[in-house]
Every structure is written in C-alpha cells, then in structure tokens.
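Student: Below: sequence and its predicted model.
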Amino acid sequence: MLTYDAHKKHLKGWQYMFAGGASGATARALCQPLDVLKIRFQIQVEPIVSGSKYSSVLQAVRTIIREEGITAMWSGHIPAQYLSISYGVAQFWSYEVLTEKCYKAYTDPSNLYKPVINFTCGAIAGSFATIVSFPFDTIRTRIIAEDKNSRVYRSVWHTFHHMYTTEGRLSLFKGLFPTIAQIAPHSGAQFMFYKLFNEYFNMLNASSTDKNQGSLLGSMSAGSIAGFLSKLCIYPFDLAKKRMQIQGFLHNRKRFGENFVCRGFIDCIIQTVKREGFVALYKGLFPSLIKATLVTSLHFTFFEQYCRLF
C-alpha cells in the first residue's frame, strides 16, 4: 500500500477544509500586491519598455501608489480573499480525500506511481476548486483592472450585481475554459512537485534533532520550487484568462493605454502574438513567478502546519 502522511491519518474532512481555507487566506493577505502587479502587466497591450504605462516592477509600484494611493496595491483584496478561501477549501479537501482513497486502494511497495497519483488527484482537485471559486476571480480581476480615479465598482456585491445585470450571468465565468486548461496541469504539477521535493527534504532531515523546524523548512522549500516550476509551465493560459475577464469593461481603462478586444481563448492568443509578439504571452511573468513561489510556499506550509495543529 502507498504511504500516506502520518500526521494526517486521523484528520476529518472539515479539518482539511479549515486548513485549506485558512492557509489560502493567510497567503493571500501577505502576497496581494504581487497579484495586483501581475494583473496590471498582463492586461497592458503596449510593450513593457521605458515610456509605457508600466515598464518595470519598481516603476509600476511607484506609478500605482502615486496615481491611486498605496491602498491600490491591495485592490480587489476582499474578493481575492473569498477566492483564496473558497479555492483552498475545495482544493485541499478534495485532494486529500482523493489521495487518501487512492493510497489505500493501490498496492505498490516501490511507490513508483505515487507522482502520477499526486498529479492526477491534484489536477482534479484544482479543476473542481476553480469552478467553485471562479466568479470571485472574475470580480477580483475587474476591481484590480479599473481606474481608481473613475470607479465603477463600489464593492464585491456591487460588482457582482453590475456584471450580472448589465453583461449577464455568464460574464462571471469569462475565461473559464483557459483557466481549466491551465489549472488542471498547474494544480497537478504543484502537488506532484511539492510531494516529491517535500519527501526529499524530509529524508535529508531524518537525522536532524529538531524535526519540526526541519519539516517547516522542507515545506517552504518544496512549496517554493513547486510554485516556480508549475507557474512557468502554464503562464500563457493565465495571461489569456485575465485578458478575457476584462472584455466588456474597456470603457473604464482609458488612462491605462490601448484596449484589447478578443472573441475567445484562441482569438486572444492569436491576437496577442500577432500584435505584440510571442514574448507578450509572458508579460508580467517576473512578478507572477515571485508571487507563485511565495504563495505556493506559504500555502503548502500553512496548510501542513494547520493540519499538525489538529
């Protein structure tokens, strides 16, 4: 039988849900400014060069704070928290339940297929969590993308109501296809890489006198590597999703430069490459990698620590 994490053997479903939601909220609160930067770069049509609206990470930070105030760095934080909590609850609960059942049902003394199981269960869990939390993602993107000097949206509920009544309920799910297309391999890779490297760091820590400290450092290191590698693999899908989510909302972005209009996922990719070049598919990659590395590390680390508390 495949081995299962010893400190999780007796945990119940609601404990996984609490740990997943709490870890998501904690990581989000610490890393929200990086998310704002990533989205602003992703939806900028002009090249990221000197003279454009946002030309570098530090320049973007200074511009946003100067024009919109420092609170703009936490723009969309409330819906982002709803997103992180709902996503964390659904993802970690479904992943832990699925892997526990797979490990109990599958006999393999060599653990040869463990990475495949981790990837598959992670992909399913990520897809499920995405569908559950996606409206919060769209609302968050709209709030972050708007010009704070001419606001349209006053709150999460107002954004939801405005989009629902003026654009229809399907507007809350714009960009769902590229999101599912990216989240399945992304979430699968996250869990696969995390479990792989975490086990490696735990082996290195086997002889350590301070097991808890070693476990904490191992989780942080494994989470960082998992976040970096998984985000690098699927980034163009993330960019396409963000550009699709602001369709129908271009009137409030006049000060941010040229507007981007597309008819769907494939058209979004084709237009981006045609108008801005292939490299444009990786706009905002640097802050996104920083964010992915930090958030994934914190997410897994806090989840493990909350599980240990139980």
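Tutor: Now that the structure is in, tell me what you want to look at. Numbers count the residues shown, from 1 in each chain.

Student: Now the helix or strand containing Tyr87: buried residues?
Tutor: Element membership of Tyr87 [criterion: DSSP states H and E] is helix 77-105. Buried residues in helix 77-105, counted by 16 or more other C-beta atoms under 10 Å: 77, 79-96, 98-100, 102-103. All C-beta atoms are positioned from the backbone trio N, CA, C, and that covers glycine.

Student: Tell me the helix or strand right after that helix.
Tutor: Taking DSSP H and E, what comes next after helix 77-105 is helix 114-145.

Student: for the helix holding Tyr87, packing partners?
Tutor: With contacts taken as 3 or more C-beta pairs under 8 Å, 6 or more residues apart in numbering; DSSP states H and E, helix 77-105 sits against helix 13-42, helix 114-145, helix 156-167, helix 285-309.

Student: what angle do it and helix 13-42 make?
Tutor: Helix 77-105 and helix 13-42 meet at an angle of 130 degrees, taking axes from the mean of the first three to the mean of the last three C-alpha atoms, to 10 degrees as the criterion.

Student: what's the angle between the lowest-mean-pLDDT helix or strand in the chain and helix 13-42?
Tutor: When each helix and strand of the chain is scored by mean pLDDT, DSSP states H and E, helix 211-245 comes last, with a mean of 84. Inter-element angle recorded for helix 211-245 and helix 13-42: 50 degrees (by the same axes, to 10 degrees).

Student: for helix 211-245, the distance to its chain's centre please.
Tutor: Taking C-alpha atoms, centre = their mean, to the nearest Å, one finds the center of helix 211-245 at 8 Å from the center of the full chain.

Student: Can you list the helices and strands that the next helix or strand after that helix packs against?
Tutor: As assigned by DSSP H and E, the chain's next helix or strand after helix 211-245 is helix 265-276. Packing contacts for helix 265-276, counted by 3+ C-beta pairs under 8 Å, 6+ apart, involve helix 176-204, helix 211-245.

Student: What residues sit buried inside the shortest one?
Tutor: The one in question is helix 176-204. In helix 176-204, counting by 16+ other C-beta under 10 Å, buried: 176-198, 201-202.

Student: Show me the contact partners of stretch 173-189.
Tutor: 91, 118-127, 129-131, 134-135, 137-138, 226, 229-231, 233-234, 237-238, 240-245, 247-248, 265, 268 (C-beta atoms under 8 Å, 6 or more residues apart in numbering).

Student: Assign Val152 to helix, strand or coil.
Tutor: Secondary structure state of Val152, per DSSP: H, G, I helix; E, B strand; the rest coil, is coil.

Student: wait, it sits on Thr166?
Tutor: No. The criterion here is C-beta atoms under 8 Å, and Val152 misses it with Thr166 at 10.0 Å.

Student: of those two, who's got more company?
Tutor: Each of Val152 and Thr166 has its neighbours counted (other C-beta atoms under 10 Å); Val152 has more, 15 against 11.

Student: Compute the distance between the more buried one and His158, please.
Tutor: Remark: distance between Val152 and His158 (C-beta to C-beta, to the nearest Å) = 9 Å.

Student: Count the residues that sit near the nearest residue to Gly248 once chain neighbours are set aside.
Tutor: Spatially, and ignoring its direct neighbours in sequence, Gly248 is nearest to Glu167 (5.2 Å; C-beta to C-beta, 6 or more residues apart in numbering). Using other C-beta under 10 Å, Glu167 has 14 other residues around it.
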